[in-house]
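Undergrad: What shape does this take:
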Amino acid sequence: MSDALHLTFLFLEMFSKTYSLKKEYTKDGEIMKTTDLSKGTPWKVLVLFALPMILSVTLQQIYNIADSSIAGKMIGDNALAAVSASYPITMIYLSIATGLGVGCGVITSRYFGQGNNSSTKITITTSLIFTTLLSIVMIIFGVLITPLSLKLISTPDDIFDDSALYLRFYCGGLLFTYLYNVITSIFQSLGNSRTPLYFLIFSTILNIVLDILFVGPCDLKILGLALGTFIAQGLAMILSLLFLLLSIRKVLKTDEKQILFSNKILKDILLIAIPSIIQGATISVGNFFIQRKINSYGSDLIAGYGAAYKICYVIVNIYGAYSNAISTYTSQNIGAGKLYRVREGFKWSLLICVIFSFVMSLIFVLIPNILLMIFMDNDASNKSIEMGRYFIYIVAPFFIFMGLKIPSDGVLKGAKDMRSFMIGTFADLIIRIVLSYALSYPFGYKGIFSAWPIGWAVGAFISVTMYKKGRWKTLTGLPDLEEKGSLENL
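TA: Residues are numbered from 1 along each chain as shown. Below you'll find the model as predicted:
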């Protein structure tokens, strides 16, 4: 057993030396596997840092896309509907993991930007311990309320049992999901967004292979999908945790005697995490109610909407990953006392997001059927395809509103102006829920779809306004330097 553990750590050490994001040598010759986001040209630093994060979140989406695609192509429309019906519920659980990651990441990056290795290390261990305890509670809670949660969204009887089976397995793996998301945020807060990507590539490929194996030759159907995801996520979490523990031992060296848990640091984390969790959970609960309305139209609409929603949500999650990159960049630069770099980063991010939005809108509008066929086979009902195509046509042209909102949200979160951030997010959500129900009566499912771009537009207007008002600058306690003459310090 000890030999196996030694070999594992030896492998991880070799892996870290081979795939470090940026190698900087200290006076002792030690390799520092992190990136200082408070130095270098802002747009280059942001893009290079964000790209692995975007790839990571896209691969995480591929987990669910793989399940849905294999369900639709290898089992049938009902299996696709069963996986899709539980999606809003899984997003509620995932929003907790994401919110925890934001809280842990912002506080870790703030201490790291200050060069405070001791507090950085305590923040990491406090995050891991708290996340583990919370995960255990959520597993028990999630498994017990699975039938009730599916009934609340009016899941049709013909897919209820399969949806319940899939959702219970998902809840059973919440320890893996929560810890992996927090570990990823910690790596990113240290300026290393590439290491989690390698583990995710491995687990995504493994997930697809296991799904095909369990559904095809083993003929386990929905159980096979759930099992494949469970095993792949578990391995990704265990490997990334071992690598993180090895990395912080080598990178964050300190002569001080370390404690593992700090109530004060946990409070700081929760001050960021709780608003983020509430924000994410509220959005997911909103989608929960929208899904309830969708479910009332039957399994054809559930399948079509589920396929189109997941495709569009890949883009939405890319925005979210970039927003988190901006938050980490903002937090590190505030910690280093460089407010002017935050302003530069925002301007470049706005341009990048607008260009990306235009390109993605064009692609989605031109090839909706090809995108939907990722999930559906040639025998899919015409009604399912039509429903999915309508959703894409109504929603995709308005990605630009998300492109305007995301840079503002990233700065607000990174500067701990959670009040301003949540106002814009809640406005978007409330409008989408209310209009989904209100417009469904005269316009049916097309009315439900139309609520999305309207909500995005309002949310974008509020977030940009909050950034311009500048409360976030006051919260930093830093002088607002004029950009002229300051860029020479970049």
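Undergrad: Over to residue 191: give its phi and psi.
TA: phi 80, psi 10 (degrees, to the nearest 10).
Undergrad: is it true that it touches residue 38?
TA: No - at 9.6 Å, residue 191 does not count as touching residue 38 under the criterion of Cβ atoms under 8 Å. For glycine as for every other residue, the C-beta is placed from the backbone atoms N, C-alpha and C.
Undergrad: Need the residues touching each of those two.
TA: When contacts are counted by Cβ atoms under 8 Å, 6 or more residues apart in numbering, residue 191 and residue 38 have residue 332 as shared neighbours.
Undergrad: Settle it for me: which of those two has more neighbours?
TA: Just comparing residue 191 and residue 38: by other Cβ atoms under 10 Å the higher neighbour count belongs to residue 191, 24 against 20.
Undergrad: ok, that one to residue 109 distance?
TA: Taking Cβ to Cβ, to the nearest Å as the measure, residue 191 and residue 109 are separated by 8 Å.
Undergrad: got any residues that touch both of those two?
TA: When contacts are counted by Cβ under 8 Å, 6+ apart, residue 191 and residue 109 are jointly contacted by 328, 332.
Undergrad: Specify which residues of the stretch 301-450 of the chain, grouped into ranges, have pLDDT under the cut-off.
TA: 375-381 (pLDDT under 70).
Undergrad: where exactly do the helices run in it?
TA: If you assign secondary structure with DSSP state H, counting those that start in this stretch, the helices in the stretch 301-450 of the chain sit at 339-366, 368-372, 382-395, 399-414, 418-443, 445-469.
Undergrad: how about the ones you listed, which one is nearest residue 268?
TA: Taking Cβ to Cβ, helix 418-443 is the member of those nearest to residue 268, at 12.5 Å.
Undergrad: Show me what that closest one is packed up against.
TA: Applying 3 or more Cβ pairs under 8 Å, 6 or more residues apart in numbering; DSSP states H and E, one finds that helix 418-443 contacts helix 263-295, helix 399-414, helix 445-469, helix 471-476.
Undergrad: and if we set it to 6 Å?
TA: Identification of packing neighbours for helix 418-443 by 3 or more Cβ pairs under 6 Å, 6 or more residues apart in numbering; DSSP states H and E yields helix 263-295, helix 399-414, helix 445-469.
Undergrad: Pick the most deeply packed of these.
TA: Per-residue neighbour counts averaged over each of the helices and strands packed on helix 418-443 give the maximum for helix 399-414, namely a mean of 26 (mean count of other Cβ atoms under 10 Å).
Undergrad: Residue 351 and residue 50: what is the separation?
TA: Taking Cβ to Cβ as the criterion, residue 351 is separated from residue 50 by 14 Å.
Undergrad: wait, I meant residue 402
TA: With Cβ to Cβ as the criterion, residue 402 and residue 50 are 15 Å apart.
Undergrad: Same check on residue 462?
TA: 24 Å.
Undergrad: Residues touching stretch 234-244, excluding its own?
TA: 12, 176, 179-180, 183, 196, 199, 203 (Cβ atoms under 6 Å, 6 or more residues apart in numbering).
Undergrad: Show me which pair in the residues you listed is furthest apart.
TA: 12 and 176 (18.4 Å).
Undergrad: Comparing those two, which residue is more hemmed in?
TA: For the pair residue 12 and residue 176, the greater number of neighbours falls to residue 176 (23 against 17), based on other Cβ under 10 Å.
Undergrad: Would you confirm that that one contacts residue 231?
TA: No - applying Cβ atoms under 6 Å as the test, residue 176 and residue 231 come out as separate, 9.6 Å apart.
Undergrad: where does the residue nearest to residue 395 when sequence neighbours are not counted land on pLDDT?
TA: Sequence neighbours aside, residue 452 is the residue nearest to residue 395 in space, at 4.9 Å (criterion: Cβ to Cβ, 6 or more residues apart in numbering). As summarised for this prediction, residue 452 has a pLDDT of 87.
Undergrad: Okay, residue 452 and residue 269: tell me how far apart.
TA: Summarising the geometry, the distance separating residue 452 from residue 269, computed by Cβ to Cβ, is 32 Å.
Undergrad: now the stretch 151-300 of the chain, which segments are flagged as low pLDDT?
TA: When the per-residue scores of the stretch 151-300 of the chain are filtered using pLDDT under 70, the ranges that remain are 193, 217, 219, 251-257, 279-280, 282-284, 299.
Undergrad: Tell me where it has helices.
TA: Listed in chain order (using DSSP H, counting those that start in this stretch), the helices of the stretch 151-300 of the chain are 157-172, 174-189, 195-215, 222-251, 263-295, 299-335.
Undergrad: could you give the angle of the third one to helix 222-251?
TA: Interaxial angle of helix 195-215 relative to helix 222-251 (axes from the mean of the first three to the mean of the last three Cα atoms, to 10 degrees): 160 degrees.
Undergrad: What about residue 260? Give its phi and psi, please.
TA: The phi/psi pair for residue 260 (degrees, to the nearest 10) reads phi -100, psi -20.
Undergrad: what's the answer for residue 297, then?
TA: Backbone torsions for residue 297, taken as degrees, to the nearest 10, come to phi -90, psi -10.
Undergrad: And the residue lying closest to it once chain neighbours are set aside, how far from residue 250?
TA: Here the nearest residue to residue 297 in space, its sequence neighbours aside, is residue 445; by Cβ to Cβ, 6+ apart that works out to 5.9 Å. Taken as Cβ to Cβ, the spacing of residue 445 relative to residue 250 amounts to 55 Å.
Undergrad: Skipping adjacent residues, who's closest to residue 155 in space?
TA: That would be residue 85: by Cβ to Cβ, 6+ apart, it lies 4.9 Å from residue 155.
Undergrad: Would you agree that neighbour is in contact with residue 165?
TA: No - with contact defined as Cβ under 6 Å, residue 85 and residue 165 do not form a contacting pair (12.0 Å).
Undergrad: Neighbour count for those two, which is higher?
TA: Neighbours of residue 85 and residue 165, each counted by other Cβ under 10 Å, are more numerous for residue 85; the result is 28 against 18.
Undergrad: Let me see the contact set for that one.
TA: 155, 163, 302.
Undergrad: Not counting residues beside it along the chain, what's closest to residue 122?
TA: Counting by Cβ to Cβ, 6+ apart, residue 262 is the residue found nearest to residue 122 once chain neighbours are left out, at 5.1 Å.
Undergrad: what about the one you found, neighbour count?
TA: When neighbours are counted by other Cβ under 10 Å, residue 262 registers 15.
Undergrad: what do you get for residue 331?
TA: Neighbours of residue 331 using other Cβ under 10 Å come to 30.
Undergrad: So which bits of stretch 466-482 are buried?
TA: 466-467, 472-473, 475-476, 478 (16 or more other Cβ atoms under 10 Å).
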